[in-house]
Every structure is written in structure tokens, then in C-alpha cells.
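can't give you the sequence, but here's the structure:
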């Protein structure tokens, strides 16, 4: 019996990735995500530079500068958590409007299928 020749590369197929990238929504979401990551990094760098500049000019003490940076980072983390929650809600809303089943829906259906399969097997005996 002939078998398929084995490939010499262990690289994963690129087809699933190509399919995702062909969706305009995926591409737009990816661009927004990359832009937001860049904006956060830039804002943090600017904030650090500003505090260093204030410390160098003697307008605030180094200890106060570190405290200010810590406070700003905490505020940014809190805001990021709120934004993440809002994005999650909006995505769930969009998926609901598109009638895309949730993981819980799929898990419930899988459980029902397993139960029905078990009953069919019992009836066959």
C-alpha cells in the first residue's frame, strides 16, 4: 500500500493564517491593536522623559518623581482594565448579533451529543 511521502520541513501550514488575514475585520482589529500598543509605549516613554526632566531641573525630588511615575502607571493599569472590559463587552455584543455561538453553547451541545451517543450505544445492545 503506497503511503504519502513525508515532508522534510516541520513548519506549520500557512493556510489558516492566510484565511484570517483575508478578513477585513481581522486586519482592521490587528491595526488598531498594534497602534494602541505603540501609543501606550510612546506615552510611557514620554512620561518617563518628562519626569526625568523635572528631576534634572530640580522642580521635583527624585523620590517624588518615582512616586509620580508609580501613580501614573497604576492609573494606566486601571484604565487599561476598564478598556479591556469594554472591548470584551463590545466583541460579545457583535458576536451575539452575528449569531456566532459561544464556547459555552458549543460545550453544551457537545455534552448533549455525548449523552445521545451513549443512549444510541445502549439501544444498539
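That came in fine, so what should we check first? Note that the structure is a prediction, hence the values are computed from the model and not measured.

how confident was the prediction at residue 38?
We have a pLDDT of 82 for residue 38.

any idea which element it lies in?
helix 24-56 (DSSP states H and E).

in that helix, what's buried?
51, 54, 55 (16 or more other Cβ atoms under 10 Å). (C-beta placed from N, C-alpha, C; glycine too.)

quick one, grab the pLDDT at the first one.
According to the model's per-residue confidence, residue 51 sits at a pLDDT of 85.

sec struct for residue 86, please.
Recorded secondary structure, residue 86: helix (DSSP: H, G, I helix; E, B strand; the rest coil).

one step back: helices and strands around the helix holding residue 38, which ones?
Applying 3 or more Cβ pairs under 8 Å, 6 or more residues apart in numbering; DSSP states H and E, one finds that helix 24-56 contacts helix 62-97.

how about low-confidence regions in the chain?
Along the chain, the parts satisfying pLDDT under 70 run over 1-23, 26.

can you do 50?
For the chain, the stretches flagged by pLDDT under 50 are 1-2, 4-18, 20.

can you report how many residues neighbour residue 70?
Neighbours of residue 70 under the rule other Cβ atoms under 10 Å: 10.

from residue 76, how far off is it?
The spacing between residue 70 and residue 76, counted by Cβ to Cβ, to the nearest Å, is 11 Å.

just residue 112 next, same as before
For residue 112 relative to residue 76 (Cβ to Cβ), the value is 45 Å.

please apply the same query to residue 87.
16 Å.

sec struct for residue 59, please.
coil.

and it, what are its phi and psi?
Backbone dihedrals for residue 59, given as degrees, to the nearest 10, come out at phi -80, psi -30.

residues contacting it?
When the contact criterion is Cβ atoms under 8 Å, 6 or more residues apart in numbering, residue 59 has no partners at all.

so how far is residue 28 from it?
Relative to residue 28, and taking Cβ to Cβ, residue 59 is found at 43 Å.

cool, residue 52 as well?
36 Å.

can you check residue 69 too?
33 Å.

cool, residue 98 as well?
With Cβ to Cβ as the criterion, residue 98 and residue 28 are 16 Å apart.

report the distance from the helix or strand residue 119 falls within to the chain centre.
Using DSSP H and E, residue 119 falls within helix 103-124. With Cα atoms, centre = their mean, to the nearest Å as the basis, helix 103-124 stands 31 Å off its chain's centre.
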